[in-house]
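[1] Okay, predicted coordinates and the sequence, questions at the end:
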Amino acid sequence: MRTVDTGSAGDWPGRLLAALGAGAAAGVALTAYAAWEARQYTLRHATVPVLPDGADPLRVLHLSDLHVTPAQRRKLDWLRGLADLDPDLVITTGDFLAHEEAVEPVLGAYDELLERPGVFVFGSNDYFAPQLKNPLRYLMPDDGRRSIDAPPLPWPDLQAGLAKRGWRELTNARDELMVAGLRIAFAGVDDPHLGYDRLDLVAGPADPSADLRLAVTHAPYLRVLDQFAADGYDAIIAGHTHGGQVCLPFAGALTTNCDLDNARAKGLHRHPADSGAGDPGSAWLHVSAGVGTSPYARIRVACRPEATLLTLTPR
């Protein structure tokens with residue numbers, strides 16, 4: 001009978017150490033890759049058929065979740081270069097800041113973009129400084145805890161700087177702009193992740209006489225998406241999810257950090273998810289995976305940091 005020598009029992013400490021060493025090396029390699037990917041800034045493109053017949057295409061730059069600290073020069077330079085796209089409209093869906101001294105760097109990076117029409121809302125990370133957290137919390141059911149005991153950030157200075165350049169704030173507000181000959185009706189809410197959204201202040205039918213109706217929110221919670229879709233907005237623009245940030249290749253996001261399904265963690269979709277273009281009470285939904293991350297977790301896997309140039313076309 002043939003026998004196989006599996007080694008003596010005394011070999012197990014060596015095999016254990018070898019396995020631990022291989023696991024540690026793999027962990028180091030994955031962390032290094034994730035840190036590298038978090039700095040691979042990417043421009044994505046999507047086409048959204050929401051304009052009246054005969055209208056010229058409208059180029060909308062969607063930015064979200066910058067999470068800027070003053071030392072992030074590469075990120076700031078990349079943001080500054082987006083002005084070369086010459087968008088007709090810029091929409092930022094919150095979380096500009098990640099540091100108490102980030103306002104001037106953000107306004108500097110946005111300088112040329114601020115010459116275009118723009119609208120914005122804030123996110124939780126504009127209000128409160130980032131804190132070190134257990135990353136496994138994001139994979140657990142939401143327990144409702146929010147980091148509102150963190151030091152405040154100078155979001156009023158950012159608010160004033162953007163308003164001074166003519167950008168419109170959509171914090172629990174409606175507004176309208178003329179952009180490239182089109183009248184756009186907007187509605188927006190304060191951050192739903194903190195429960196700051198006041199849908200009662202913006203609910204009601206979107207202006208039927210506008211050429212285009214856009215709704216803006218930082219976090220794409222279903223209560224907000226449902227309301228805006230029911231009110232007749234053509235598209236809803238959101239961020240917050242980071243696209244899942246750490247995703248499984250070919251499988252996608254593990255979490256959205258809100259009650260949106262993982263399948264719609266980033267990109268262009270419909271809301272409700274099973275609706276078709278033109279269905280009453282439905283809208284297009286664009287969720288940005290964002291440009292940044294918490295400074296305490298500057299990693300991404302299978303989810304590169306992004307801005308999106310949306311080309312709006314006739315329906």
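    Perfect, I can see it now. Numbers count the residues shown, from 1 in each chain.
[2] What is the burial count for residue 284?
    Residues lying near residue 284 (other Cβ atoms under 10 Å) number 23. All C-beta atoms are positioned from the backbone trio N, CA, C, and that covers glycine.
[3] is it true that residue 259 touches residue 221?
    Yes - taking contacts as Cβ atoms under 8 Å, residue 259 lies within contact range of residue 221: 5.8 Å.
[4] show me where this structure has helices.
    Under the criterion DSSP state H, the chain carries helices at the ranges 12-37, 73-81, 103-109, 124-127, 155-164, 199-202, 222-230.
[5] Now do the longest one, average pLDDT.
    Think helix 12-37. On average, the pLDDT along helix 12-37 is 73.
[6] picking that back up, who has more neighbours out of residue 259 and residue 221?
    Set residue 259 next to residue 221 and count neighbours by other Cβ under 10 Å: residue 221 wins out with 22 against 13.
[7] distance of that one from residue 211?
    28 Å (Cβ to Cβ, to the nearest Å).
[8] now residue 43, nearest residue through space, not along the chain?
    Of all residues not flanking residue 43 in the chain, residue 307 sits nearest, at 5.7 Å (Cβ to Cβ, 6 or more residues apart in numbering).
[9] Can you get me a residue count around that neighbour?
    Count around residue 307 with other Cβ under 10 Å applied: 24.
[10] Could you check the pLDDT of it?
    98.
[11] Can you verify my assumption that it contacts residue 61?
    Yes - with contact defined as Cβ under 8 Å, residue 307 counts as touching residue 61 (6.5 Å).
[12] Find residues that contact each of these two.
    Shared contacts of residue 307 and residue 61, defined by Cβ atoms under 8 Å, 6 or more residues apart in numbering, comprise residue 82.
[13] got a list of what residue 97 touches?
    66-68, 103, 106, 125-126, 153-155, 158.
[14] 7 Å instead?
    68, 103, 106, 125-126, 153, 155, 158 (Cβ atoms under 7 Å, 6 or more residues apart in numbering).
[15] What of residue 225?
    Taking Cβ under 7 Å, 6+ apart as the definition, contacts of residue 225 comprise 236, 271, 285.
[16] now with 8 Å?
    Neighbouring residues of residue 225 by Cβ under 8 Å, 6+ apart: 217, 236, 238, 260, 271, 283, 285.
[17] just checking, the fifth one touches residue 279?
    No - look at residue 271 against residue 279 with Cβ under 8 Å: they stay out of range, at 10.3 Å.
[18] These two: who's more crowded?
    With neighbours defined as other Cβ under 10 Å, residue 271 and residue 279 compare such that residue 271 has more, 24 against 12.
[19] what residues are up against the more buried one?
    Counted by Cβ under 8 Å, 6+ apart, residue 271 has contacts 225-226, 229, 236, 264, 282-285.
[20] And it, how far from residue 172?
    20 Å.
[21] Around the closest residue to residue 34 other than its chain neighbours, how many other residues sit close by?
    Closest residue in space to residue 34, ignoring its immediate chain neighbours: residue 299 at 3.6 Å, by Cβ to Cβ, 6+ apart. For residue 299, the neighbour count with other Cβ under 10 Å is 19.
[22] How about residue 293?
    For residue 293, the neighbour count with other Cβ under 10 Å is 21.
[23] Tell me who's in contact with it.
    Contacts of residue 293 (Cβ under 8 Å, 6+ apart): 38, 65, 67, 242, 245, 299-300, 305.
[24] again, only using 7 Å
    38, 67, 242, 245, 299-300.
[25] ok, so of these, who is nearest residue 56?
    residue 242 (33.2 Å; Cβ to Cβ).
[26] Relative to residue 135, how far out is the closest one?
    Distance from residue 242 to residue 135, by Cβ to Cβ: 12 Å.
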